[in-house]
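Colleague: next comes the sequence, and after it the predicted model I'd like to discuss.
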Amino acid sequence: FSNSKYLKLKLYKYVKNVKLPTLNFYYEYINNVLTGKKFATTRLLHEQDPLSNLSQLRKDQICYATSNITSNINEITNSTTKQKFYYKKNNYNPNIINFAILKITNIRTLKYKDRTDSLSNDEGFKNIEEFKLALLKFYPNINKNTKITVFFFKLIKNLKINDHKTAIKTSISKLPIPTP
């Protein structure tokens, strides 16, 4: 084995046995995450989202981007190109797909009233009003003093698996080698 192949094999064995934390997205936001239009997501401070491992997420953490698919369909159509992609179902919950691997680049806590147009753009919205409407859809009781946590992330790998290989095998070459 070359050094590179050895490290990838070792990393594959490590990742295969480690459950990465998850950051769940509403299905309407999948394309924005995959195209880079959305690189931040806002949650209530200390939110207990049963589909995400928010308390495990730290800066520089690698995690799965997941989405709740309410039917048995594991097919997503890119709204721009109309190309169909198939995603591996999450082994722990059959209604969840792992659609990407992300790296958390920053985490900020602020009050709801302190949102900005810049944050709205990072979230994939045109303006702060559009962002406000989206947050109210998920958090109808939010008020100006509610504390929110913003997770900024970078897309590491789209986990489309048209060839039906496992998500880990298709993404292992893109994962950074962890340093001891």
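Modeller: That came through, no problem. Numbering: from 1, shown residues only.
Colleague: show me the biggest strand of the chain in terms of residues.
Modeller: Determined from DSSP state E, the single longest strand within the chain is strand 96-111.
Colleague: just checking, what packs against whichever helix or strand comes after it?
Modeller: From strand 96-111 onward toward the C-terminus, using DSSP states H and E, the following helix or strand is helix 117-122. If contacts are counted by 3 or more Cβ pairs under 8 Å, 6 or more residues apart in numbering; DSSP states H and E, helix 117-122 sits against strand 40-44, helix 128-138, strand 147-158. For glycine as for every other residue, the C-beta is placed from the backbone atoms N, C-alpha and C.
Colleague: dump helix 117-122 to CSV, restricted to CA.
Modeller: Presented in CSV, the C-alpha positions along helix 117-122 are these (Å, rounded to 0.1, in the frame of the first residue of the first chain):
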residue,chain,number,x,y,z
ASP,A,117,-29.2,40.8,6.1
SER,A,118,-25.7,39.1,5.9
LEU,A,119,-26.9,36.2,8.1
SER,A,120,-30.1,36.0,5.9
ASN,A,121,-27.9,35.6,2.8
ASP,A,122,-25.7,33.0,4.6
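Colleague: sketch out the low-pLDDT regions of this structure for me.
Modeller: Low-confidence segments of the chain (pLDDT under 70): 1-18, 69-95, 160-180.
Colleague: Thr22 and Ser52 touch, don't they?
Modeller: Yes - because the distance of 5.5 Å satisfies Cβ atoms under 8 Å, Thr22 is recorded as touching Ser52.
Colleague: overlap in contacts of those two?
Modeller: The overlap between the contact sets of Thr22 and Ser52 (Cβ atoms under 8 Å, 6 or more residues apart in numbering) consists of Thr66.
Colleague: if we can go back for a sec, of the helices and strands packed on helix 117-122, which stretch is the most buried?
Modeller: The densest packing among the helices and strands packed on helix 117-122, expressed as mean neighbour count by mean count of other Cβ atoms under 10 Å, is seen in strand 40-44 with a mean of 20.
Colleague: what packs against it?
Modeller: For strand 40-44, the elements it packs on are helix 117-122, strand 147-158, judged by 3+ Cβ pairs under 8 Å, 6+ apart.
Colleague: need the contact list for Asp114.
Modeller: For Asp114, the contact set (Cβ under 8 Å, 6+ apart) is empty.
Colleague: shift numbering so it begins at 866
Modeller: Right, with 866 as the first residue, what we last looked at is Asp979.
Colleague: distance check, it against Thr1014.
Modeller: Between Asp979 and Thr1014 the distance, using Cβ to Cβ, to the nearest Å, works out to 12 Å.
Colleague: over to Gly989?
Modeller: 17 Å.
Colleague: returning to what we had before: of all the helices and strands packed on helix 982-987, which one is nearest Lys968?
Modeller: For these, distance to Lys968 was read as Cβ to Cβ. The smallest value, 4.9 Å, belongs to strand 1012-1023.
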